[in-house]
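1. here is a sequence with its predicted model. Questions after.
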Amino acid sequence: MSEPQAIYLSDYQPPAYRVTRTELTFELEPHATRVRARLHLERHENYGHGEPLVLNGEQLTTLAVAVDGQALNDNEYRIEDERLTILRPPERFVLDTEVEINPSANTALEGLYVSGSMFCTQCEPEGFRRITWYPDRPDVMATFETTLIGDRDQLPVMLSNGNPVEWGELPGGRHFVTWQDPHPKPSYLFALVAGELEKLEDRFTTMSGREVTLQLWVEARNTDKTEWAMESLKRAMRWDEQAYGREYDLDRFMIVAVDDFNMGAMENKGLNIFNSAAVLANPATTTDAAFQRIDSIVAHEYFHNWSGNRVTCRDWFQLALKEGFTVFRDQSYTEDTQSAAVSRIQNVAMLRTAQFAEDAGPTAHPVRPDHFIEISNFYTLTVYEKGAEVVRMLRNLVGPETFRRGSDRYFERFDGQAVRVEDFVATMAEVSGLELDQFMRWYSQAGTPQLSVQGEYDGQTRQYHLTIEQHTPATPGQPEKPPLHIPIRMGLLGPDGEALELVVNGESRGTDTVLALQQECQSWTFEQLDAAPVPSLLRGFSAPVRLEHAWSRDELALLMRFDEDGFNRWDAGQRLALAALEDMMAAWRAGDAVKLDERLIEVWHGLLNAPADDRSVLAEMLRLPTEAWIAEQQSVVDVDAIHAAREAAIGQLADRLYADFERVYHANQLDVPYAPTPEQVAARSLKNVALSYLVATGEREPLMLAQAQFEADHNMTDARAALTLLAHSDASDLGDPAVRAFGERWAHDPLVMDQWFATQVTRPQQDVMERLKFLMEHQAFSLKNPNRVRALIGTFVNSNRVNFHRLDGEGYRLLADVVIELNRLNPEIAARMVTPLTRFRRFDEQRQQLMRAELERIRREPLSRNLYEVVEKALA
Ligand code: 0A1
Ligand code: ZN
């Protein structure tokens, strides 16, 4: 087998032929589905007579190829290397092909596959070529007419994009439905679903008064989990009208839930397909966090109807054009409908642990990569989350009103087209008059910029000089990085925490301003200051960078209490806690007493007793930096010291503030019916954080509280929080029966069993390994289902760091075994799961060797392109 080859952005060529119209007929059979495709083709003006037509196809059994009704001779076409080439086609013609495919053997879950008793598709990015021969690239856009034929009893519901236009009975107990989608679209937005499905139906009147039918299709056992997603959909539709002026454009909008799905969901035109974990919810089975995740994914997919579908990507290098923008849109929706501060805190916490780690690892790539071997490997946190940060910076640079004028113009001008990142940024430059050439580097330069900030106060001149330096570390293939255009929102606080007026060059800028850092090093002078101020920097996380400044702990405590920016209050708390944890890690390594800084205890005591203006932010402030974020601060990750110090800190906070936590726990009990409203979510989150501290004392009494909460079983949020505390405790007389009871009670519900898996494999004690192995044999587990793999294996390797990184190498070995199996079953998931092993350079020599040995063992397998690309980069 030859080595997989990279594809380069610089090699882009426009398509030689456009497809004006695509007609598809499916005869659905699990083992042998027939697909007939009729493509109406036209040669592009820029190409000459006789230009060959090249179509993509994978794993197809070709039965017929005809041009304008004439079957082709062997010398008129060629099939090789997953390409069908029509050698000398006419300028305009009709191509007919017929192929056979095997959906039931499709464990990769790309193209047409069987999930349970349903047929469904996943075509982004390159799954359509596993369905039929096609120019499978996003810059070829056609209208689609799709006829589905299937068994009337087994497949009573058959859906595709657009509107149903014809249906009827066929001989042999079969029936058919024909769907028409009037909006030209690339093949990656094609979808079909067939099976025994039930629907929840609703209506939505758009801003111009058009009536839209909304349908949520699920298997019968899930009909009690559809309401929340329907509410989310309507909220998202209204929000997109108000915030972006975007209206829905078909008579119906459908969502289908499927159990086997590689990602969260997919924005197929008019027929979104969702991983059931990303759409099904009810209070008994679903936690607050999952309700919120579902809300944002429903919104995300809906928003793609404009940012992605109406205006799509020219090529897959432009993925962030639709994904970065759509994530930014779904984040804004959440900020407008939930707690804005908490939403920002949670997104940033995720970005700067997981995305920063990606940027610092062997697979680091720019928001717009310039080459790839397997595009499926680039649905990453960098493209999605950093891509969203780049759009957020743009909005902050041009201002919200101008940004809206820019997005209106972008949607209008490029409607129906496949475009590039440049088109989006140029539109923003045009409406704002800003020069954004340097800003474009955010799309082409990988790595996380590091800023170091020096402040100097001069009592004589009453001036404060702020000097900021930027530096972006080298990443694979990018040794040198020119400076970026970085917006830094900031303010200054006086000695009593008051917001100071910012006077620059004799001009007042209020108490909050944005500094545009464009050079390697730049200085600003603030005037008329009576004392040395405390700088509040990077408010709202105004740029995706690491920022260093030598704040004293007193200054951090001051920012934490008084900064007008909620995000920076939280961040100051995280920095203060990190400083305290660093002392504790040093003491732990030296074998000294590991004692928590008194100041942190005082500050937390203050927090717990201050009038709670925002309980949800308070709950976030009461969480210590995660082990992953602490690890991000270290040059060589010290897994055991991190865990020991953090556990010690939690224990000491718990002992010293017991009465506070107890009061908070009881004060936040709700006796209203469950709803995932921001107020209720805040109360439960605060209550359960408090309970986790109470339990951390190791006393029996709080465990009894947890047990009572578990048994009261008011909702999954409370039940699962309690179960986790019981299952992670040393009191097996309480933990084991709870785990058993939960597993028996929910054995019929795979989404709850996923939570049961995740809860057990995050147990920090060493005995977790036996538990994990036992659960891998459990009947509810299957390596073929991505949700199961993520819940059991993914949670263990990503969230149980002390055990995954054990020095006996068991964690690494187990992951490598799983990845080798997945490589055969589902290459996309295999390439994602292997990630923690690829980060071996961050660890000590001994762990490095163990991890590297497992990667080399994987490399000796016959690898899928997906896994090949990742493993080669890691070992390079
Ligand atoms: N466009 C989808 C993400 C997605 C990508 C690939 C998939 O299968 C390989 C599935 C979904 C989104 O952003 O939601
Ligand atoms: Zn998306």
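-> Cool, got the structure. Numbers count the residues shown, from 1 in each chain. Ligands and ions are numbered 1, 2, ... in the order given.

2. how confident is the prediction for residue 2, by pLDDT?
-> The per-residue pLDDT reported for residue 2 equals 72.

3. can you give me the distance of it to residue 854?
-> Distance of residue 2 to residue 854, computed by C-beta to C-beta, to the nearest Å: 26 Å. Heads up, the C-betas are built off the backbone N, CA and C, glycines and all.

4. between these two, who's got more neighbours?
-> In terms of neighbours (other C-beta atoms under 10 Å), residue 854 is the more surrounded of residue 2 and residue 854; the figures are 23 against 5.

5. the nearest residue to the more buried one once chain neighbours are set aside sits in which helix or strand?
-> Nearest residue to residue 854, sequence neighbours excluded (C-beta to C-beta, 6 or more residues apart in numbering): residue 816, at 3.9 Å. In this assignment (DSSP states H and E), residue 816 forms part of helix 810-825.

6. average model confidence for that helix?
-> 98.

7. just the C-alphas of that helix, formatted as CSV.
-> Coordinates of the C-alpha atoms in helix 810-825 are reproduced here as CSV (Å, rounded to 0.1, in the frame of the first residue of the first chain):
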residue,chain,number,x,y,z
GLU,A,810,-1.7,0.0,32.0
GLY,A,811,-3.7,3.0,31.0
TYR,A,812,-1.6,3.6,27.8
ARG,A,813,-1.7,-0.1,26.9
LEU,A,814,-5.5,-0.2,27.2
LEU,A,815,-6.0,2.9,25.1
ALA,A,816,-3.6,1.6,22.4
ASP,A,817,-5.6,-1.7,22.3
VAL,A,818,-8.8,0.1,21.9
VAL,A,819,-7.4,2.4,19.1
ILE,A,820,-6.1,-0.6,17.2
GLU,A,821,-9.6,-2.1,17.3
LEU,A,822,-11.2,1.2,16.3
ASN,A,823,-8.8,1.6,13.4
ARG,A,824,-10.6,-1.3,11.7
LEU,A,825,-14.2,-0.3,12.8
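
8. low-confidence bits of the stretch 1-150 of the chain, can you list those?
-> Low-confidence segments of the stretch 1-150 of the chain (pLDDT under 70): 1.

9. can you tell me the element residue 544 falls in?
-> Using DSSP H and E, no helix or strand contains residue 544.

10. from residue 471, how far out is it?
-> Residue 544 is 15 Å from residue 471, where distance means C-beta to C-beta.

11. comparing these two, which residue is more hemmed in?
-> The residue with more neighbours, out of residue 544 and residue 471, is residue 544; 26 against 13, by other C-beta under 10 Å.

12. list the residues that contact that one.
-> 351-352, 355, 386, 389-390, 448-449 (C-beta atoms under 8 Å, 6 or more residues apart in numbering).

13. of the residues you listed, which pair is most distant in space?
-> The most widely separated members of the contacts of residue 544, counting by C-beta to C-beta, are 352 and 390 (14.9 Å).

14. helices along the stretch 151-300 of the chain, start to end?
-> For the stretch 151-300 of the chain, applying DSSP state H, counting those that start in this stretch gives helices covering 227-244, 288-303.

15. can you show me the strands along the stretch 101-250 of the chain?
-> 111-115, 118-122, 142-151, 157-160, 163-170, 174-185, 192-195, 198-205, 211-218 (DSSP state E, counting those that start in this stretch).

16. let me know the average pLDDT across the longest one.
-> pLDDT averaged over strand 174-185 equals 98, rounded to a whole number.

17. is ligand 1 within reach of it?
-> No: against ligand 1, strand 174-185 shows no contacts by C-beta under 6 Å from any ligand atom, the least distance being 13.3 Å.

18. that strand vs strand 163-170, what angle?
-> 160 degrees (axes from the mean of the first three to the mean of the last three C-alpha atoms, to 10 degrees).

19. what pairs with strand 174-185, and is each one parallel or antiparallel?
-> Looking at strand 174-185 with DSSP bridges, its partner strands are strand 142-151 (antiparallel), strand 163-170 (antiparallel).

20. deepest-packed of those, please.
-> strand 142-151 (a mean of 21; mean count of other C-beta atoms under 10 Å).

21. can you list the residues of this structure near ligand 1?
-> With the criterion set to C-beta under 6 Å from any ligand atom, the chain comes near ligand 1 through 110, 122, 124, 262-267, 300-301, 323, 376, 379, 828.

22. gap between residue 315 and residue 419?
-> 10 Å.

23. measure stretch 129-146 end to end?
-> 16 Å (C-alpha to C-alpha, to the nearest Å).

24. name the helices or strands packed onto the helix holding residue 816?
-> helix 768-776, helix 795-799, helix 801-804, helix 827-833, helix 835-838, helix 845-859 (3 or more C-beta pairs under 8 Å, 6 or more residues apart in numbering; DSSP states H and E).

25. count the neighbours of the closest residue in space to residue 78 that isn't next to it in sequence for me.
-> Counting by C-beta to C-beta, 6+ apart, residue 85 is the residue found nearest to residue 78 once chain neighbours are left out, at 4.6 Å. If you count neighbours by other C-beta under 10 Å, residue 85 ends up with 15.

26. let's have the chain start at 51 instead
-> Got it, first residue is 51 now, which makes that one residue 135.

27. what's in contact with the helix or strand hosting residue 135?
-> Assessed by DSSP H and E, residue 135 sits inside strand 133-136. Outside strand 133-136, the residues that touch it by C-beta under 8 Å, 6+ apart are 102-107, 112, 115, 117, 122, 126-129, 145, 147, 183.

28. the helix or strand containing residue 729 to helix 338-353, inter-axis angle?
-> Secondary structure from DSSP H and E places residue 729 in helix 728-746. Angle, helix 728-746 to helix 338-353, by the same axes, to 10 degrees: 140 degrees.

29. in helix 728-746, what's buried?
-> 728, 730-746 (16 or more other C-beta atoms under 10 Å).

30. just stretch 529-536 next, same as before
-> By 16+ other C-beta under 10 Å, the buried positions in stretch 529-536 come out as 531, 533-536.

31. could you list the low-pLDDT ranges of the protein?
-> 51.

32. ok, 80 please
-> Scanning the chain for pLDDT under 80 picks out 51-52, 662-663.

33. show me what contacts the closest residue to ligand 1 within it?
-> Of all residues in the chain, the one sitting closest to ligand 1 is residue 313 (3.6 Å; C-beta to the nearest ligand atom). Applying C-beta under 8 Å, 6+ apart to residue 313 gives the contacts 325, 429.
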